[in-house]
Structures are given as structure tokens and as C-alpha cells.
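Visitor: 3D model of this:
(2 chains)
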Amino acid sequence: MRNRFGLFFVSAWLLLLAGCAGVATQPSITPTPTPSGAQQPGEGAIIAPAPLKPVPSSAMSGNKAVIALLDRAQTDNESGRREAAGASLERALRIEPRNPWLWLELAQVRLAQGQYAQAITLARKSNSFAGHQPRVQSENWQVIGQARVAQGDSAGAEQAYKLAAELAQQAKAEADHNSGFNFQ
Amino acid sequence: MKPIVYLTALEDPQRYTLITPLDDSPLLWRQPGAPDWKPKNYDLKFHGQVQLRTALAHSYNVATARLGIALGVGHILDKLPLYGIERQPPPFASSLLGAFGLSPVEVSQLYQTFADGGFRTPLRAIRVIVTAEGKPLQRFPLNVEPVAAPAPVYLLTAALQGVVREGTAQSLINWLPAEMNVAGKTGTTDDLRDSWFAGYTGDRVAVVWVGRDDNKPTGLTGASGAMTVWGEMMKNIQPEPLQPAMPEEIEMVNVDPVSGLRYDEGCKAGVLLPFIKGSAPAQTSPCGASSADAAGAKADAKADAKADLKPGVKQDSGKKNWFQRLFN
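Guide: Sure thing, here's the model as predicted:
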């Protein structure tokens, strides 16, 4: 089940040029600022691939304590309690220090806090544990791209987004392959 | 300090790999402002040409000194602040052999960075300060800085695993099984004043220093002193085996441990070692267990299937097929 939903949204990135988190369900083409908000729309704006549908926390870890911490972190993060979200993720990381999803989540929290250099490092660290998991790698490059936009590094951001898009494609291809489901 | 010298070398894969021969012949080093320096090995012998991984495994001072001088003493010492070592050692070649005193906390920070694939996380004793009701007043969040590229750090870890598997820390096997794949390094000062062991498993980094408060010699080497404490401590906390994530830039290549030439892929003899892509030996050697390796291959038959994935483990004669290996 999860795979099918996942790959619908993975596919959607191609159609969407940009989007704010949570509106990735419609393939309407509306160039909007990148999620970081640092870049205004218009000529030369760097366009981020659409965010992928969130992976449920239960797919990020097999450990119940970690899942509970992830859920709490996500709730805190959505309500803007970034510090508390970060603290929960750090606790989760003490349980599973090599879980790339946890490092990605922490990178996203730091991004939201405006700690761009830290967000990039954490996303890279997540990638170092990701092995061949294009889904999480794609999201890491998304974070790196957004952080670079905010830092004013457009060339670097573009490169990161390109990688994010390629990896999202790979993830989609693998999901298709695994489920035998063909998205049209 | 030695690992930083080796890491600096491994960061230049066109010049240095784990099997690059180093020169462990007598050295007299003259440097303005410093007394003449004639480093000696602990066994008071010189070993001629030795592979880089062997020089680190056996902690050869002379080969390390020559390597450090070739790389540039200043170039190496300038990296220390990256690893959180603020004190500047004297700019002499002798500083490369650990001749200036680092504290256990500084050494821990260094090894934390190696254990974490080149990402430094500043060590903290306090994570959060809370009120009596548990309300956080101040947090000290996790902070991560990339200070070394993952691929050379991966090679360094492989070399430090060699220290435990076949080098100065071999007797650690009395505390922790070989499958733990511990990476570590002993440290011994000339006069046996300080005994060090620093190392890491899959989830723990620890550093032990043993010395006397009156600074008299302890009579202990790194292996006979600090390492025994380290082993006892680790055994009791049941660490996870060390299996670092392999960076994309790394490939495993089967080489003849003696000549350093490459074996064909299907060859069962030889040692499987990690290389940064493009740096592995191009020249191949005909397959066939070299005389030096025959005994080792037999002894390691138990190490078996996982050898495929682990750096530096001799390959088994291959009784299991690839499918069986998946589940081993």
C-alpha cells in the first residue's frame, strides 16, 4: 500500500515545478517560490523539485521508541517547536545513530530554523548512511538545495536539485519495479 | 597523532593507498631550531620497505616520520584545529609522532571524527539544563561539522582495523571477538611513561590513558596497559560491531598482500582491500595463493563469507555461494 501511494507522489514531481509542503497533490503548474522562501519567483528563479509525499514514521524505523520520538518531533516541528523537535530527534539518534531518516529529519528541522550550513552537513551525513536508498538521498539533496538557495548559492542549489530529481526518478523506477504498478 | 599523518596521506589517492610502500630505513632529520632527530622504532629495528597499512599496524615510527616529512609537517599540524585540537604543537617533525602531550579528551575528539566518517561532533558533557519541573532552560544541540572526506577516513578505519587484527593491538582479541572489527591504535612513549589506547566499535568511541601522577614510568606499553582497560570496559558494555558505511568513491580490490599487485576478480587468494576508485593497482598478477598467504588463508577460513564486505580480511576458499552469503 505504502509503495503505491509513495510512487504516485514520486511521479508527481516532474509535473510540479515547485510547491509548498503539503500541496503536492495536484499536478497544476504554478511556479512559486522555493519552500525556503529565500528566492522570489520570476526570471532565473531556481525551481525545486516538488516535495515527495512524506514517508510514514513507521517506515523510517522498526524501533517503537524511535517511531514515537519521530512522531513527537514531527508534531513539534509542524507547530514550530523546532528546538523540541530537534531534541526528540537527537534522542532517537542515540538509539539508532546510523538511521539516515533520522539525520534527514534533523536536517529538515535545522533548515526550518535557518541553520543552513548545519542542515547541509546533516543531510550529507544522512547520505553517508543511506547506501543505495534513492528516496532518502533525494530528500537530502532537496534539503541541500533549499539551504543553498537560502545561502545565495544558486549554482550549487541547481546542482543539488538536479541530483534530487534524478534520485527521485530512481526511487520511482524502483518502486515501480517492486510493486509491478505502472503509473501513467 | 600518527593517524592524522596517515589520513593526510590517504587524502591524496594518486600518491598513497593502503599498500603504498613506505621507507622504514634509518633517518636523521635536521631542522633549524630543533635538535637533530633520529626516530627509532619500538623494536629498535628498521624494516626497509613496508606497506602503509603495515607501518600503521605496527606503529613504525621511522616510516611514519618519513611519511610526515614527505607530506609536510606544517601541512599536517595545521589540520589539528579542524579536529578541535586548539593547542599548536611545536612545528617540528617530532611532533608528528605524538611527542607533544594531547589530553584524552582531545584524542577522543579526534577518534570520534574518524569513527563518524569524517564528521566532527564537538564532545559535550551537558545536553540540556532543565528546571526542577523538567522545563528546558538551555539546550546544547547536536552539532556536526564535516572535517575530512568520507573516503580517506574509510581507508584509515580499515588501516586501524588492521592494527587490531594483525598489529600492535592483536591481543585485544582476549576481550573482544574478531567479528567486532574494532579499529584502534596503541600509544607508547619511549620511556614507558604513558600508555594509550584509542579505538572505536560500531557505536562507541573510547580513549584510555594510563600514567602515574608523579610522571614516573609506568613500565607499560599501550597494549599492556591502556588497551587492557579499554578491552575490559568495552567487553562490559557490549558494543556493536564496526561496519562503516562504504562511501561511493570506494571500491574493494583483491590484491596480493606481498607484491601489492592486483588479482583477477574471481581469484580466491589475496587480501580484499578498499581503494579510492582509480587508485588501485592496475597491474595484475596471475592468480594463485602466494606462499606468504597460503597459511593465512587457511587460518582465516572461519572468517568466511562476510569477508566480501570487510576490508582487509583474507578471502575464504569460497564454499558458500553468493546466495548463501546473503544470509550469513
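
Visitor: Please confirm that residue B:187 is located within a helix.
Guide: No - applying DSSP: H, G, I helix; E, B strand; the rest coil, one finds residue B:187 to be strand, outside a helix.

Visitor: Wasn't residue B:30 part of a strand?
Guide: Yes - per three-state DSSP, residue B:30 lies within a strand segment.

Visitor: tell me which element residue B:230 is part of?
Guide: helix B:226-237 (DSSP states H and E).

Visitor: Do you know the pLDDT at the nearest residue to residue B:186 once chain neighbours are set aside?
Guide: Spatial nearest neighbour of residue B:186, chain neighbours left out: residue B:222 (2.9 Å); criterion: C-beta to C-beta, 6 or more residues apart in numbering or on different chains. Placement of C-beta: from N, CA and C, glycine included. Per-residue confidence (pLDDT) for residue B:222: 93.

Visitor: what does chain B have sitting close to chain A?
Guide: For chain B, the contact set with chain A under C-beta under 8 Å from any C-beta of the partner chain comprises B:117, B:119, B:127-128, B:136, B:139, B:141-146, B:150, B:203, B:245, B:247.

Visitor: if we can go back for a sec, and for the helix holding residue B:230, what's in contact with it?
Guide: B:169, B:171-172, B:174-176, B:182, B:184, B:186-187, B:195-197, B:199, B:201, B:204, B:206, B:208-210, B:220 (C-beta atoms under 8 Å, 6 or more residues apart in numbering or on different chains).

Visitor: Now the buried members of those.
Guide: With burial judged by 16 or more other C-beta atoms under 10 Å in any protein chain shown, the buried subset of the contacts of helix B:226-237 is B:169, B:172, B:175-176, B:182, B:184, B:186-187, B:195-197, B:199, B:201, B:204, B:206, B:208-210, B:220.

Visitor: quick one: pLDDT of the residue positioned nearest the centre of chain B?
Guide: In chain B, the C-alpha nearest the mean C-alpha coordinate belongs to residue B:160, at 2.3 Å (C-alpha atoms, centre = their mean). We have a pLDDT of 98 for residue B:160.

Visitor: How about exporting stretch A:158-178 as PDB, limited to the C-alpha atoms?
Guide: Extracted in PDB, the C-alpha atoms of stretch A:158-178 (Å, rounded to 0.1, in the frame of the first residue of the first chain):
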ATOM      1  CA  GLU A 158      20.600  23.900  -9.000                       C
ATOM      2  CA  GLN A 159      23.100  21.100  -8.900                       C
ATOM      3  CA  ALA A 160      21.500  19.700  -5.700                       C
ATOM      4  CA  TYR A 161      18.000  19.900  -7.200                       C
ATOM      5  CA  LYS A 162      19.200  18.100 -10.300                       C
ATOM      6  CA  LEU A 163      20.500  15.300  -8.200                       C
ATOM      7  CA  ALA A 164      17.300  15.300  -6.100                       C
ATOM      8  CA  ALA A 165      15.300  14.900  -9.200                       C
ATOM      9  CA  GLU A 166      17.400  12.100 -10.600                       C
ATOM     10  CA  LEU A 167      17.300  10.200  -7.400                       C
ATOM     11  CA  ALA A 168      13.500  10.700  -7.100                       C
ATOM     12  CA  GLN A 169      13.300   9.200 -10.600                       C
ATOM     13  CA  GLN A 170      15.400   6.300  -9.500                       C
ATOM     14  CA  ALA A 171      13.200   5.800  -6.400                       C
ATOM     15  CA  LYS A 172      10.100   5.900  -8.600                       C
ATOM     16  CA  ALA A 173      11.600   3.400 -11.000                       C
ATOM     17  CA  GLU A 174      12.500   1.000  -8.200                       C
ATOM     18  CA  ALA A 175       9.100   1.400  -6.600                       C
ATOM     19  CA  ASP A 176       7.500   0.600  -9.900                       C
ATOM     20  CA  HIS A 177       9.700  -2.400 -10.300                       C
ATOM     21  CA  ASN A 178       9.000  -3.600  -6.800                       C
END
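
Visitor: now that stretch, how far from the centre of its chain.
Guide: Distance of stretch A:158-178 from its chain centroid, counting by C-alpha atoms, centre = their mean, to the nearest Å, is 12 Å.

Visitor: try stretch B:6-14
Guide: Taking mean C-alpha positions (C-alpha atoms, centre = their mean), stretch B:6-14 and its chain are 13 Å apart.

Visitor: quick one: buried residues of that stretch?
Guide: Applying 16+ other C-beta under 10 Å to stretch B:6-14 flags B:6-11, B:13 as buried.

Visitor: need the contact list for the residue nearest the centre of chain A.
Guide: Nearest residue to the geometric centre of chain A (C-alpha atoms, centre = their mean): residue A:139, 3.2 Å. Residues counted as contacts of residue A:139 (C-beta under 8 Å, 6+ apart) are A:52, A:104, A:164.

Visitor: Give me the mean pLDDT for the helix or strand hosting it.
Guide: With elements taken from DSSP H and E, the one containing residue A:139 is helix A:134-151. On average, the pLDDT along helix A:134-151 is 96.

Visitor: same deal with stretch B:181-189?
Guide: Rounded mean pLDDT across stretch B:181-189 is 94.

Visitor: Centroid-wise, who is the farthest residue in chain B?
Guide: Farthest out in chain B is residue B:133, which, by C-alpha atoms, centre = their mean, sits 45.4 Å from the centre.

Visitor: Then it would be within a helix, right?
Guide: No - using three-state DSSP, the secondary structure at residue B:133 is coil, not a helix.

Visitor: residue ranges of the strands in chain B, please?
Guide: Secondary structure of chain B by DSSP state E: the strands cover B:21-24, B:29-31, B:34-37, B:48-51, B:119-120, B:128-130, B:136-139, B:145-146, B:183-188, B:195-200, B:205-210, B:250-255, B:271-276.

Visitor: Just give me the neighbour total for the residue nearest to residue B:204 when sequence neighbours are not counted.
Guide: In this structure, residue B:204 finds its nearest non-sequential neighbour in residue B:239, 4.6 Å apart by C-beta to C-beta, 6+ apart. Neighbourhood size, residue B:239 [other C-beta atoms under 10 Å in any protein chain shown]: 19.

Visitor: phi, psi of residue B:239?
Guide: phi -70, psi 170 (degrees, to the nearest 10).

Visitor: quick one, what contacts it?
Guide: B:176, B:180, B:201-204.

Visitor: what about it, distance to chain A?
Guide: As for residue B:239, its distance to chain A is 12 Å (criterion: C-beta to the nearest C-beta, to the nearest Å).

Visitor: longest helix anywhere in the chain?
Guide: Went with chain A since none was named. helix A:154-179 (DSSP state H).

Visitor: my bad, chain B
Guide: For chain B, the helix that runs over the most residues, judged by DSSP H, is helix B:150-166.
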